[in-house]
Every structure is written in C-alpha cells, then in structure tokens.
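Participant: My questions are about this predicted structure, shown below with the sequence.
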Amino acid sequence: MKKKMLACLLSAVTVVVALTGCGSQSKELNLYTWDGMFPQEILDGFEKETGYKINYSNFDYDEDMLAKLEETQGADYDVVIADDYILESVIAEGLATKLDTSKISTYGNINPLYQGQFYDEKDEYTIPYGAGIPLIVYDPSKVDFEITGYEDLWDERLEDSVALIGNYRVIEGIVLKTMGESFNTEDLDVISKAGEKMLALAPNIRVISDANTQDYLLNGEVSVAFMYTSQVVTALMENPDLKVVYPKEGLGFGIMAAFIPSKAPHADAAYAFLEYINQPENAAKCFEHICFFCTNKAAEDYISEDMKEAIVVPASISDGEIIQNISQEAEDLHAKNWDNFKVACE
Amino acid sequence: MKKNSLLSTIYLWIVTIILYIPIILTVIYSFNDNKSPVYWTGFSMRWYEELAHDRSMKEALINSLILAFSSCGLSILIATSAALAMRKRESKWDKIITYLSTLPIMIPEIILGMVFLGVFSFMNLPFGMLTLIIAHTTFCIPYIFSMVKARLQGIGTQLEEAAYDLGARPFRVFWDVTLPSILPAILSGAILAFAMSFDDVVISIFVTGASTNTLAIKIYTKLKTGVTPEINALATVLLVVTIAVILLSEITKKKEE
Amino acid sequence: MKIKRKHSFSALLLPMYLFTILFVFLPIVYMIYISFMTRAEVWGFDTHVTLQNYMRILEPLYLDTFVRSLKLAFTTTVLVILIGYPFGYFMAKLSAKWKARMMMLMMIPFWTSSLVRLNGWVIVFQSNGVLDKILMGLGITTEPLKLLYSYPAVVFGMIYALCPFMILSVYSSVEKMDWSLLEAAVDLGANRRKAFFDITFKMTMPGLLSGVVLTFIPSMGLFFVADILGGSKVVLVGNIIQEQLTKGRNVPFAAALSVILMIMTSLIIALYRKIAGADANISGLG
C-alpha cells in the first residue's frame, strides 16, 4: 500500500516537473506590487472587460522589487507600483519603459499636483497611484497634553507608549526635522547628531512595526502612533475620537507610482490596465480601498462623502518634503543609527 | 516502570494545549465580523465568502501543493539514493557533500534567497515554478537524507545479503527488502520537508516568477498589509482538511488491518 | 557479484553530487565571493576586492549583535531542553495508540503557517487581548499587562517555534531505548534518580544533542519572531542581514555577515559531532 503510494507520488512529480516551465498564455498581465493595492472588484472588472488574465504577485520591500527587476532585466513584469525614491533608481538603471501616453486615454484624469516629481521630472515613465503623509495620531483620553509636533514625542510623559513605523529614513527624517534640517541632508555630522538625539527617544518607544501600526493605537498598546496615511485613515474610521497632528516642524510626503518595466512581456495589457484604473469610477474605488490620497483628479467626484475628507486633500499638502536617495555614506550612517536606536529601545 | 504518572500526563496535556492556543484563536477569529483583531464585533462567515471568491488564493494554494510535492519527491529520489550509496563506505568526498547539503538549513533564509536569485539569473533559469522547486529541494534534502541515513545505519545488511544469496536481482532486493524498511524514515522526513516547503516565505519571495504566487507568500504579504481575517479563515480551512486527511488515513488503516 | 553491486551504487550518488554542487556549493561560493566585493551605486556590487565588509563587522554594534543573538539562542535552547526533554520522554512512555495520537497532535501545528500561529499569540497577548480580558474579567488584574514587544516575548516565540523539534528528536531516541537496562539497574538497587542520569539520560544523549542543534541554529536566524513579538526592538543577526539586503541595499555586507554566521553554525555542528560521535546526523529524528 505504502509502496504504491510512493510510486504514484514519484510519477506525479515527474509529470509536474515536466509540465512546469512550458505553457504561458499571451493574454496575461503580470502585476507586481504590494498586496492589497487593488480591490478584487477592480481586478475582476478588468479581466472581464478586456479578457486579460491578471497574475498579481507581491513584494515586501521596494528593494526586493528592484533586485528582481535587475536580475530579470525588467523582462518578467508588466505593471509595477512602488515608492518614489525607488522609482528614481529604477529609471536610472534603465529598467522602466518610456510611456506612450497616447495609449492611455484616461491619462488626463491624473492630478497634476502629484506629477513632475524628482524621480521623473518630465513624467516620462510613471503614473502616480496614491500619495501619503506620515502623521502623528494620539488618543486624547490617554495623553494629558496637546501634541503639536514631532518634538513632543520626546516628552517624558509618553514613556513606553509610542508606536513607530519601521522605515528608518522616515523616522530619522523627523528627527532631522526637529533639528531644523532637511530629510535628505548628506552632512554626516548632522546625521550623527540626529542619531544621538534619536537615542533619547528610545525610552518612549513601545513598538516599531510597518504592518498594522494602527492596531497598537486601537487596542491601547500605545497612546501615540506615528504612521502612514492608510493607517491614519483606518484608525480614524475605527475610532473617530483619535486626534491627528500635522506636525508643526514640517511634513513628509510620499508618492507611489506605476511604471512599465523596460522589457515587459505584455506591454499592451499594461497600457490597458493603466487606462482602466484611471477611469474616474474605478480610480475612486481603488483609493477608497487603499486609503491613500487620491492622485486622480476626476475620481474625486466619485469618492463617497465619508471618505472624502480623509483621502481628497487640499493642494497645499504637497508642500511636504519627499525622501530621496542620498549618498551611500549618509545612507549607511542612517542604517547604523537606526540599529543603535532599536537596540536602545529594547 | 514504563508508565507515566498522573503528573507527567498532566504535563503532556498542558504543553499540548499551549501548542494549540494560537491555532484555536486563529480559528475563532476567522469568524470575527471585524477586520481588525482588536475588536470582536460579532460572528460572521464573510471572510469565508471572501476566501471562496478569491481566485488568486486558490491559485496560490495549488502552486504551493505542486511545489511541496515536487520538491519533496525530488528530494526523496536524490536523498534516498545517495543515502543508499553511502551506506557501504563513505569516502572523504561523500562526507564533504553531506556537509554541504546541510548548509541550506544553516544559512539564514534571506541571504540564501538573495544568492539564489543571483545564481539562477546567472544560469539563465526562468523564474517561476522551476526555480522554486530547485530552491525548495535544497532545503528539503537534508531532512530526508539524515533520517534515511540514520535508519539505514540501524537496520544492518543481513536481510539483504540473504536475499542476494538466494539469487534475487538488485532491484528486487531493493524493492522487497530495503525499501519497506526505510519507508517510515522516508515518510517522516518527507512530512517534515513538506511542511517546511509549504511554510517557506523568505526564499520563495526571491526566486518566484511573475505568475507563480505561493500560499505562504500570499499569507505573509497579506499579514503585512493587515488583512488578517481572510488568512485566519484560510488557516482554518487548511486545518480542517489536514485533520480530515489524517482521520481518513487512520480509518483506512484500521480497515486494512 | 559484489563488484557489480558497487558499480551500480556509485551511480546513485550522481544526483546528490550534481544537485549539491550546482545548487548549494555554487551559490555559497557566490555568497563568499560577493562578501569580498564593493557595493555598487544603485544596487548589487562592483568587482573591486575589499575586506571592508568584514572590517565593518568588528564595529561594536555588529559584534554586540552577534553576542546578543548567541545569548538569545543559548537561552532559548536551555529552555527548550527543559520543556521539550520531559515531554519527549513522557511521550515515549505512552501506550502505542496514544503515541501515534500524540505524534499527530505534534505534527498538525507544523501544517499551519508559522506566521499565522505567531499572529495567534499576538491576539492572546496584545494589550486588551484575550489574556487581558480573561484576567481582568476574573478580577486578577485591573489594567492591561503589557506583555508583548519585549525580550521575554521573543524568547517565548522562539521556544514556541522550536520546541516541537526538540520533542520529536528526544522522543525518537527514548523510543529506541532499551528499557530492560533501566529495570536491571533498579533491580540491582540503584535509586531512580541515579538510574535515570546514569542510564536513560546517557542513552538519550544523541536525541537531545540533535534537538539542541535543531533549536540553536534556527534561533540565530528567525528574524520574523523578533519583529512580530519583539516589536522590532530586539535586534538579531538575522534582522541586520535582512535590513542590509532591503533598505540598506548593501548586498556585500549582508553576505559577509552571513558568511560569519555560517562559520559559527558550522563550528557548532562540528562541536556537536565531536560530542555525539562521528556517525551523528544533523537531525536524528529518524
């Protein structure tokens, strides 16, 4: 009996190994981004309307995506959505296609506020898909003073009760802001000083996590959290009593954007997809789903009233500074500061 | 002497229960109406409905099964034949290869994933199921190899010698004498290797291609972005299937007896 | 006849040799090679030979991280022995029917995603989570215990993840043990404790040692336990490697860290071989 099973297993394996590797349909779209960037409805809708089958695969960090594109020379994926600073690297390495915007009839719907950014000044390669500002949110029933800026996170009264996102450039960026410096300073002395100042923040840190940071605030694990826009929006929907702070020292700002890799196997599908998600009704559904700022001007009218305030933002918001790539020495120093900081938190 | 006291029985049960606490909670929270595990807002089947409609999840499950079966099967072939060959006499090279083959479970997965990415692209292998199977086979082999080897050391060669002396052909001897005695070791190694393959995220995420998501990757990336109830529902379904398969095999075993 | 058999056997080695050389040896050589290179401007590495990556490991931050990881691995292993050894021992003394059932109970959790299980613990231990609700409901505590995101929480997670390996390997060695020896010792007047340490413990040593290896080595690299239960505040070698590969984009440095880690774990295995005898296997579960 067992022997028979083993024989079956082995022959099944041979068949499977033989089968894999061959057989790929041409009517496909290889979408590569974080998980949860599109509502199921949109993915299904696109498949139904165009007949393309979507293969939605995920990466965890922008850098994993870059590594994958480098190793495959941009030949495996059709549409990639990632963060601003990595797009600069992708474009510099020649891994993105110059867009033929005439193939995207809905291109005009994009909010120009989010275009012409440092990573793609002439808008040749990318189409924005969501933007955000990391903000401080706190529970006024647990914090007995008013938080107005990043500096307040150092307050002794917040001992062991702050949650932070785990992106070290962002966190060290706010330390730099409290010192009146730019996020993107390459002055090593300034960065070292920021590292020292950050160590003083350690006693207040309860948890550092990129995932579900809002949950720590909601379950009472912490009373203050510094987190991404989508998390801020989610937290406020669950608990409207929470207070949002636009820190007085200045805001950070980030944009996610889509591009087509240089050797995309199904470029036509990619254009069709970019066109589809930029149709106003579709875009509205997407932004309501991802809870980031809406980068599609025409979609604003379709966003439901209760979400409007959260994800349709006034133009002044883009005054915030974007984190950009800096020199390797500066980057290394940031990484080291961050590790020292985490160790100090323990 | 060969019996447990009440105290040790209680100990066994307490540890077993602790082992199951997170699993039980996962099952309970799969019925939570709220998206966030922070609140319990009532009983609901909505995550199961969502799971049923999630086509990508089904594809990922099928990929994971294909991957785990193939890499285990391949590992069984490679590891068992090598263990059989090394049984008689182990040369210096055999020892080196044995040591090398265990390295994949000693190096942090993340660096292994990155290195595989580099080496596979150097070899011009297309990223997808093929690269996944190769990568998983590297860390499945040590589990199966070590078990089969230990088993072979335990059973001795008298029975096989006898079979040869009676004029049996080598393949016959292997199929009728050797294989039945090492089968339990192969299976227990394979079960562990299967579980490891099914659960692997870190290596897979590097070596997978555009159209091959595995379930573990799906779970990991979903947990990162915060949609957990659907994952809980999925874990529950898989748990039920596992238990059902085990019970079924128990019943058929009983019937055979 | 004999000679013929030997010939057919050596062909059986071929797949293992080929596979290991192509997909294990080559990648590792590649890793060692990268560790001596300079990082490139955007991504990857340039072929300038340097020792810089290894020099950097000597910085206190990274040395401390190695020490911290070793300490955590050591603590975890000791606790896993204390919990897992008795379990494996008692399990082997169950009746055949219960042995099979217990084995099943041990294996089922392996089939549930380890991330899902860790997440299950977060549901239990989170502030105002299941445990807090029970304790506060019973009036034992008045406010949420803040149990997560601490060193003990990480140790707990490691024990939880690795204890089954110890249990299984101790179990398999106690299973194979010859109980008549123990009975003889007791009959000859040895007290139970002495009989246990002189006979049982010695005879199950191989199982215990392979359990130690199976616990100690992974606990150096399980970075996600430190992230999920430690709130990223417990920094282990695995976490640094991961960070350098992703946000830091420093593949050569990550490779150098991995090479050192690989050497360390190899030394531990060598030590284990020395203690357990030349024939010992990495996982003596069989």
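Facilitator: Alright, I've got the coordinates. Quick caveat: nothing in here was measured; it's all calculated off a predicted structure.
Participant: where along the stretch 151-300 of chain A do the helices fall?
Facilitator: Listed in chain order, the helices of the stretch 151-300 of chain A (DSSP state H, counting those that start in this stretch) span A:168-178, A:188-199, A:213-218, A:229-238, A:267-277, A:280-290.
Participant: which one of those helices lies closest to C:Met177?
Facilitator: Nearest of the helices of the stretch 151-300 of chain A to C:Met177, taken as C-beta to C-beta: helix A:213-218 at 48.2 Å. All C-beta spots, glycine's among them, are computed from the backbone N, C-alpha and C.
Participant: Whichever residue of the stretch 1-150 of chain B sits closest to chain C: which element?
Facilitator: Using C-beta to the nearest C-beta, B:Pro22 is the residue of the stretch 1-150 of chain B that sits closest to chain C, at 2.6 Å. Under the assignment given by DSSP states H and E, the secondary-structure element containing B:Pro22 is helix B:6-29.
Participant: So the residue nearest the centre of chain B: helix, strand or coil?
Facilitator: The centre of chain B sits closest to B:Phe194, judged by C-alpha atoms, centre = their mean, with a distance of 1.7 Å. Under the three-state scheme (DSSP: H, G, I helix; E, B strand; the rest coil), the conformation of B:Phe194 reads as helix.
Participant: For it, list the residues it contacts.
Facilitator: Under the criterion of C-beta atoms under 8 Å, 6 or more residues apart in numbering or on different chains, the contact list for B:Phe194 reads B:Ala68, B:Phe69, B:Cys72, B:Cys140.
Participant: ranking those residues by neighbours, who comes first?
Facilitator: Each of these was scored for neighbours by other C-beta atoms under 10 Å in any protein chain shown, and B:Cys140 scores highest at 31 neighbours.
Participant: Is it within a helix or a strand, and which one?
Facilitator: Secondary structure from DSSP H and E places B:Cys140 in helix B:129-155.
Participant: one step back: helix or strand for the residue lying closest to the residue of the stretch 1-150 of chain B closest to chain C once chain neighbours are set aside, just tell me which one.
Facilitator: Nearest non-adjacent residue to B:Pro22, counting by C-beta to C-beta, 6 or more residues apart in numbering or on different chains: C:Gly120, 2.6 Å away. Under the criterion of DSSP H and E, C:Gly120 resides in helix C:114-125.
Participant: Can you dump the C-alpha atoms of whatever helix or strand comes next after that helix in PDB for me?
Facilitator: Sequence-wise, the next helix or strand downstream of helix C:114-125 (DSSP H and E) is helix C:130-137. Extracted as PDB, the C-alpha positions of helix C:130-137 are listed here (Å, rounded to 0.1, in the frame of the first residue of the first chain):
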ATOM      1  CA  VAL C 130      -7.700  37.600  25.100                       C
ATOM      2  CA  LEU C 131      -5.400  37.100  28.100                       C
ATOM      3  CA  ASP C 132      -6.000  40.600  29.500                       C
ATOM      4  CA  LYS C 133      -9.800  40.200  29.100                       C
ATOM      5  CA  ILE C 134      -9.800  36.900  31.000                       C
ATOM      6  CA  LEU C 135      -7.500  38.200  33.800                       C
ATOM      7  CA  MET C 136      -9.400  41.400  34.100                       C
ATOM      8  CA  GLY C 137     -12.800  39.600  33.900                       C
END
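Participant: check whether helix C:130-137 contacts chain B.
Facilitator: Yes. Figure legend: helix C:130-137 in contact with chain B (C-beta under 8 Å from any C-beta of the partner chain); contacting residues C:Val130.
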